[in-house]
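# Any chance you can model this:
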Amino acid sequence: LRKLDVVAAIKEAYTGAWVHFGQMLRLTWLPGILYIALTIVGALLDAEANPGLRFLLEIASLFLWPIIAVAWHRFILVGDAAPGAFHLHFGRREARFLMVSIFLGLFMLPGYIMTALTVALNEGTGSSSLALVALLGLVALAFGLYYFVRLLLLLPGIAVDEPIDPRLILERTRGNFWRLVMLMLLATLPIAVAFVIVGTVLLSLGLPAFVVYVLAAVFYIFFAIVGVAALSIAYRELVGPPGTLAHQSVS
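Now for the predicted structure:
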């Protein structure tokens, strides 16, 4: 079984994001700006006063992210850089990426629903049957999270036109669940902590909101690049170079 070197992968992800930040930003600047703008507007809106508008913004963001992620995965794994100044194409790759992303999220939906319902219905009654359902919900959540993490490497494969083969991905990620969890935590947690610290300092200095938003956007973009890079590196190390799944699926 292949074992992912988490430290080496994290080091490569951060180094690559730092060195190629400008290239990856230029590659997806238009969908990136739209995605961040929609995210900020959605966060500022009153969800109760503008539920329809907020829903539309979330749907638009949902379609923008695959454009960004696919472009970055392809740049990292195959060195592909789309020509032209405006990269805002949603095609077959992006559609497959979005559908599989939604499918992966559904793994945790049953557990989430069971847990949320028991919390809502319990209201301090301490019912043993509700407690059992809540326990089953937590088990379902853990089960869903386990397969969500194991199958995350489907996404870089889709970006480089590999077939969707969950069986092969599960085979290649066997024994690497905790390594993949650590990879994603180390890829995102340091930036999240730095973001909170820097944001707190900037707000305490009384800087204009616009400046804070711009700096927050830079942090957010770097955060996203490192996360995508970490997944791409894990895919390369555990699954193999692009074309591996296509070759093994045929054989």
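# For the rest of this, base every contact and every neighbour count on C-alpha atoms.
OK.
# Number of residues surrounding Phe219?
18 (other C-alpha atoms under 10 Å).
# Sorry, wrong one. I was asking about Leu189.
Leu189 is flanked by 12 other residues according to other C-alpha under 10 Å.
# do Arg2 as well
Close neighbours of Arg2, defined as other C-alpha under 10 Å, add up to 12.
# Could you tell me how far Gly16 is located from Phe222?
Look at Gly16 and Phe222: by C-alpha to C-alpha, to the nearest Å, they are 11 Å apart.
# likewise Leu215?
As judged by C-alpha to C-alpha, Leu215 and Phe222 stand 11 Å apart.
# The two: who's more crowded?
Remark: of Leu215 and Phe222, Phe222 carries more neighbours, 20 against 15, as counted by other C-alpha under 10 Å.
# got a list of what the more buried one touches?
For Phe222, the contact set (C-alpha atoms under 8 Å, 6 or more residues apart in numbering) comprises 17, 21.
# Please apply the same query to Val226.
13-14, 17, 187-188.
# farthest pair in the residues you listed?
The distance between the two most remote of those (C-alpha to C-alpha) is 12.5 Å, for Ala17 and Thr188.
# Compare those two (neighbour count), which wins?
Ala17 (24 against 18).
# Mind listing what's buried along the helix or strand hosting that one?
According to DSSP states H and E, Ala17 maps onto helix 6-19. Buried residues in helix 6-19, counted by 16 or more other C-alpha atoms under 10 Å: 6, 9-10, 12-14, 16-17.
# just curious, which of those residues is nearest to Ile76?
The nearest member of these to Ile76, counting by C-alpha to C-alpha, is Gly16 at 8.7 Å.
# Might you list the low-confidence residue ranges for the stretch 51-200 of the chain?
Within the stretch 51-200 of the chain, the segments meeting pLDDT under 70 span 82-86, 119-130.
# 80 - rerun?
51-54, 81-88, 115-134, 191-192, 194-196, 198-200 (pLDDT under 80).
# where along it do the helices fall?
All helices of the stretch 51-200 of the chain, identified by DSSP state H, counting those that start in this stretch, fall at 51-78, 92-106, 109-122, 128-151, 154-159, 166-172, 177-204.
# which residues are in contact with the fifth one?
Defining contact as C-alpha under 8 Å, 6+ apart, one finds that helix 154-159 is touched by 70-71, 73-74, 93-94, 96-97, 100-101, 163-166, 169, 231-232, 235, 242.
# What subset of those residues is buried?
With neighbours counted using 16+ other C-alpha under 10 Å, these contain these buried positions: 70-71, 73-74, 93-94, 96-97, 100-101, 163-165, 169, 231-232, 235, 242.
# okay, stretch 183-203 in PDB with CA atoms only?
Output of stretch 183-203 as PDB, limited to C-alpha atoms (Å, rounded to 0.1, in the frame of the first residue of the first chain):
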ATOM      1  CA  LEU A 183      -3.200  16.800   4.900                       C
ATOM      2  CA  MET A 184      -6.400  18.900   4.600                       C
ATOM      3  CA  LEU A 185      -6.200  20.200   8.200                       C
ATOM      4  CA  LEU A 186      -2.500  21.300   7.800                       C
ATOM      5  CA  ALA A 187      -3.300  22.800   4.400                       C
ATOM      6  CA  THR A 188      -6.100  25.000   5.700                       C
ATOM      7  CA  LEU A 189      -5.800  25.400   9.500                       C
ATOM      8  CA  PRO A 190      -2.600  27.600   9.500                       C
ATOM      9  CA  ILE A 191      -4.000  30.000   7.000                       C
ATOM     10  CA  ALA A 192      -7.300  30.200   8.800                       C
ATOM     11  CA  VAL A 193      -5.600  31.000  12.100                       C
ATOM     12  CA  ALA A 194      -3.400  33.600  10.400                       C
ATOM     13  CA  PHE A 195      -6.500  35.100   8.800                       C
ATOM     14  CA  VAL A 196      -8.300  35.500  12.100                       C
ATOM     15  CA  ILE A 197      -5.200  37.000  13.700                       C
ATOM     16  CA  VAL A 198      -4.500  39.400  10.900                       C
ATOM     17  CA  GLY A 199      -8.200  40.300  10.500                       C
ATOM     18  CA  THR A 200      -8.400  41.100  14.200                       C
ATOM     19  CA  VAL A 201      -5.300  43.300  14.100                       C
ATOM     20  CA  LEU A 202      -6.600  45.200  11.000                       C
ATOM     21  CA  LEU A 203     -10.000  45.800  12.500                       C
END
